[in-house]
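Visitor: Make a model of this:
(2 chains)
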Amino acid sequence: MSILIDEHTTFIVQGITGREAVNLVRECLDYGKGARIVAGVTPGRRGRDVHGVQVFDTVAQAIEHQGAQIDGSVVTVPPAFTKDAVFEALENGIRLVVIVTERIPRGDVAQMVELASERGARIIGPNCLGIIVPDVVKMGGIGGPARDAARSYTPGPVGVISRSGGMTTEMSSTLTAAGLGQSTAVSIGGDAIIGSTYAELMPLFEADPATDAIVIYTEPGGRMEAELARRVLETDSRLPIVAFMAGRFMDEMPGMSFGHAGTIVEGKEDTASEKVARLGEAGIVVAEEISEIPSLVQDRMASGTAV
Amino acid sequence: MRFFEYESRVVTAKVGIPVTRHGLAKTADEARRIAEQIGGPVVIKSQVLSGGRMKAGGVKFADTPDEAARHADQILDLEIGGHMPRGVLVDDRAPLRREYYAGVVWDGIRKLPVMLFSDMGGIDIEEVAQTHPDRVVRVHFSTLRPVSDWQAKQLITSLGISGSALNRLTPIVARLARLFLAYDMTLAEINPLGELQDGSFVALDAHMEMENEARRRQHALLHELGVGDEETRLAREPTAFELAGEQVDAQDHRGVAGNVTEFDGDLGLVIGAGGGSLTLFDAVRAHGGRPANYCEIGGNPSVRKACGLAKLVLEKPGVDKIAVMMSIVSNTRVDIVARGVIKACLELGYDPAEKIAIFRIPGAWEDEGFKILRRYGVQYADRTVSLHEAARRAVESIGQGPMRSSEAATADGAAA
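Guide: Numbering: from 1, shown residues only, chains lettered A, B, ... in the order given. Just a heads-up that it's a prediction; the model follows:
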């Protein structure tokens, strides 16, 4: 089992003829059981194909060609066009949109998220690498080429949620090396406003019988770690959580931006130390180093108590 | 990106929110002239991108134009929070009946903008929210539907405000909310929003911040305000080293090799990507290392860019060695970064084996990359060496001279 996607998930790639998108298509087709990329969309490029995937001008044409509703879309178009592309996907009934594009203004992201919410759809990202179900399917550039992704990700009981795409792979690889596979790993994106936060993905992992523990990568900036801590305190989650906090040095440098767009210390509550304290209060263990994560996960799973 | 008060004032007035008569002065004489035009008591305010102006002596009151000139002279020379002022704002000192607060910010959890309003203006709103939580009201609003006046009205009435004050405050708060969305602000606040003796309202101080990602599409407004593309408006001005880093990154559009921040240590960092850089910078410090810089590589930069960044860091005064480290890469190619950093060493007349404390970038094209590193005797590590362990090795090597080639050759074996 997995969350969000599985081997049957059909998806399209919007902006499929872009250089990065062409690589992404190859990677996803090659990985695991092979992603079901049923079409691509780039306006004005109808009739072309990318690694055998047919290209259309509109999402509506792609759906018509498929003859059935399509589950998802990976959006990788320039920032100025992303909102329109996501609206097009949502208004054509697509219910899972992975936004790879970075540097999208917050106002646009908020509009996309609001429309998704009205349409009962889910957004992952923006500024993310997507979703991977080890050995089964990946949707997005996560883990890179199939051969590389297979080295870092293996099937197993740990759900991974990360604000950094690269660190999703680093943490998963560390888990893999310790014999701990992953149920699903989600790169949720590094922006100030994102489609799905830790707290919003927790119910999905809780409902997934294949998941027994959660590992998260966190950073200063924003309040989504506090949101997760609050949820853990208020609900009775069966899943223990192990966190890693990067960017602790940023506490000494308020107002400076490092790493991701959403990573900036603006107030008292979004510092690394404050977040570590909040997570700790909720019983979420915060690892000092990535290499400690596997043993902390094993301890927590062995003790059989959630958080 | 933060705006100066005088810029925020322009934006406020532009959307039809009433402001007091004011002018920006860069000299004492200009301040006198503006005070004469206003004709009455004025406030002289330092134009710096820093809070705590009042405490620092950057805000003074003057009854006459001469007094305004004297204060302006002083304030123009006064450094606040490490910044020299852009000028002084000479502002009509209107007698107030009452001070309010109106603001708009993003709520990253609800993923919506939120209007804030208080009848306790003139002081820090976060302080009011703590001491008098019942005196700060807020409401989220849609980004898809136009902001309607009734939303602001309903918010204001929740503090028990009625009468002509309600009817005058409503459009101000609604306009602030529209301005927030239209100009891609991350913060727009008027504090204080003053009620004058005649019952009218004016924005006495406004604070605005625009999202960096929106600067391109807000070019018309920025041009109107005279904000140049080169102004970063971060907590501090970029250093020459940081600007040179931006130039390296701007060489071509392939990938990123930049986002440089200067520190004063002896270990140069060529690190990536976003999350990896944050983790590695912490790791170096946790092992007692003193980074000379922060930076980010990602998105598969060209050899030229990686080389340019490595050179910049290597040439920084006080840098002993560089550590080239990233979290596992899937897009960036290991061999390209390896070629870039080795090229940088060679072009500067250094032995790569001596100058590169450690190379820890596993992932795409790593076999090709490690082969190149072996050829030059550079100490490298694969994914079995954790980010923290790589950082520890880099810190240890500082001041120790070159690795012996036998140690470099065993790095691969030790890692396995």
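
Visitor: what's near enough to touch residue 248?
Guide: The chain I'm using is chain A. A:220, A:272-273, B:282 (C-beta atoms under 8 Å, 6 or more residues apart in numbering or on different chains). To be clear about C-beta, it is placed using only N, CA and C from the backbone, and glycine gets the same treatment.

Visitor: Actually, chain B is the one I wanted.
Guide: B:Val248 makes contact with B:257-258, B:260, B:305, B:308-309, B:312 under the criterion C-beta under 8 Å, 6+ apart.

Visitor: Just the buried residues of the host helix or strand of A:Leu296, please?
Guide: Of the helices and strands defined by DSSP states H and E, A:Leu296 is found in helix A:293-303. For helix A:293-303, a neighbour-count test (16 or more other C-beta atoms under 10 Å in any protein chain shown) marks A:293-294, A:296-297, A:300-301 as buried.

Visitor: do the same with stretch A:251-263
Guide: For stretch A:251-263, burial by neighbour count (16+ other C-beta under 10 Å) applies to A:253, A:257-263.

Visitor: Now do the same for A:Gly255: its pLDDT.
Guide: Confidence at A:Gly255, expressed as pLDDT, is 79.

Visitor: B:Leu234 is in contact with that one, correct?
Guide: Yes - the pair A:Gly255 / B:Leu234 is scored as a contact, 6.6 Å apart, by C-beta atoms under 8 Å.

Visitor: For the stretch 251-400 of chain B, what lies in contact range of chain A?
Guide: With C-beta under 8 Å from any C-beta of the partner chain as the criterion, the stretch 251-400 of chain B comes near chain A at residues B:259, B:261, B:272-279, B:281-283, B:285-286, B:294, B:296, B:298, B:326-331, B:363-364, B:383-384, B:386-389.

Visitor: Filter these down to the buried ones.
Guide: Counted by 16+ other C-beta under 10 Å, those give B:259, B:261, B:272-279, B:281-283, B:285-286, B:294, B:296, B:298, B:326-331, B:363-364, B:383, B:386-389 as buried.

Visitor: Where does pLDDT dip in chain A?
Guide: A:304-307 (pLDDT under 70).

Visitor: And the residue nearest the centre of the chain?
Guide: No chain specified, so I'll use chain A. A:Ser187 (2.7 Å; C-alpha atoms, centre = their mean).

Visitor: ah, I was thinking of chain B
Guide: So for chain B, C-alpha atoms, centre = their mean, it's B:Leu234, sitting 3.5 Å from the centre.

Visitor: mind checking the SS state of that one?
Guide: coil (DSSP: H, G, I helix; E, B strand; the rest coil).

Visitor: Show the contacting residues for the residue lying closest to it once chain neighbours are set aside.
Guide: Take B:Leu234 and drop its neighbours on the chain: the residue closest to it by C-beta to C-beta, 6 or more residues apart in numbering or on different chains is A:Met256, 5.9 Å away. Contact analysis of A:Met256 by C-beta under 8 Å, 6+ apart lists A:250, A:264-265, B:234-236, B:261.

Visitor: count of neighbours near residue 207?
Guide: By default, I'm working from chain A. Using other C-beta atoms under 10 Å in any protein chain shown, A:Ala207 has 10 neighbouring residues.

Visitor: sorry, should have said chain B
Guide: So B:His207, with other C-beta under 10 Å, has 16 neighbours.

Visitor: Apart from its chain neighbours, what residue comes closest to it?
Guide: Using C-beta to C-beta, 6+ apart, the closest residue to B:His207 is B:Glu189 (5.0 Å).

Visitor: Please name the bridge partners of the one you found.
Guide: Beta bridges link B:Glu189 to B:Gly103, B:His207, judged by DSSP bridges.

Visitor: tell me the contacts of it?
Guide: With C-beta under 8 Å, 6+ apart, B:Glu189 has these contacts: B:101-105, B:116, B:125, B:176, B:206-208.

Visitor: which strand of chain A spans the most residues?
Guide: What stands out as the longest strand in chain A, according to DSSP state E, is strand A:155-162.

Visitor: other SSEs contacting the helix or strand that that one is followed by?
Guide: Moving toward the C-terminus from strand A:155-162, the next helix or strand (DSSP H and E) is helix A:165-177. Here helix A:165-177 touches helix A:146-152, strand A:155-162, strand A:182-187, strand A:213-218, helix A:293-303, helix B:274-286, going by 3 or more C-beta pairs under 8 Å, 6 or more residues apart in numbering or on different chains; DSSP states H and E.

Visitor: any chance you could read off phi and psi for the residue located most distally from the centre of chain A?
Guide: Distance from the centre of chain A peaks at A:Gly47, with 30.9 Å (C-alpha atoms, centre = their mean). Note on A:Gly47: its backbone torsions stand at phi 100, psi -20 [degrees, to the nearest 10].

Visitor: The closest residue to B:Ser118 other than its chain neighbours: what's it in contact with?
Guide: Setting aside the residues directly before and after it, B:Ser118 is nearest to B:Tyr101 in space (C-beta to C-beta, 6+ apart), at 4.1 Å. Taking C-beta under 8 Å, 6+ apart as the criterion, B:Tyr101 is in contact with B:116-122, B:125, B:128, B:136, B:189-193.

Visitor: State the phi and psi torsions of B:Tyr101.
Guide: Residue torsions, per degrees, to the nearest 10, at B:Tyr101 are phi -130, psi 140.

Visitor: same thing with A:Asp212?
Guide: Phi and psi for A:Asp212, reported as degrees, to the nearest 10, are phi -120, psi -10.

Visitor: how near is it to A:Val38?
Guide: Relative to A:Val38, A:Asp212 is positioned 33 Å away (criterion: C-beta to C-beta, to the nearest Å).

Visitor: Going by residue numbers, what spans are helices in the stretch 251-400 of chain B?
Guide: In the stretch 251-400 of chain B, the segments counted as helices under DSSP state H, counting those that start in this stretch are B:274-286, B:303-314, B:334-347, B:352-355, B:366-375, B:387-397.

Visitor: Sorry, slip of the keys, the one I care about is the stretch 51-200 of chain A.
Guide: Along the stretch 51-200 of chain A, counting by DSSP H, counting those that start in this stretch, helices occupy A:59-66, A:79-91, A:106-119, A:146-152, A:165-177, A:198-206.

Visitor: Reformat the ones you listed as a markdown table; add mean neighbour count and distance to A:His51.
Guide: Output for these, formatted as a markdown table (neighbours: other C-beta atoms under 10 Å in any protein chain shown; distance: least, C-beta to C-beta, whole Å):
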| stretch | mean neighbour count | distance to A:His51 |
| --- | --- | --- |
| helix A:59-66 | 17 | 16 |
| helix A:79-91 | 20 | 20 |
| helix A:106-119 | 21 | 27 |
| helix A:146-152 | 20 | 12 |
| helix A:165-177 | 27 | 22 |
| helix A:198-206 | 20 | 30 |
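
Visitor: Write out the residues of the stretch 51-200 of chain A neighbouring chain B.
Guide: Residues of the stretch 51-200 of chain A lying close to chain B by C-beta under 8 Å from any C-beta are A:79-80, A:103-107, A:109-111, A:113-115, A:118, A:129, A:141-145, A:148-149, A:152, A:162-167, A:169-170, A:173-174, A:177, A:190, A:192-193, A:197.

Visitor: how about a cut-off of 7 Å?
Guide: Selection of the stretch 51-200 of chain A residues close to chain B by C-beta under 7 Å from any C-beta of the partner chain yields A:103-107, A:110-111, A:113-115, A:141, A:143-145, A:148, A:152, A:163-164, A:166-167, A:169-170, A:173, A:177, A:190, A:192-193.
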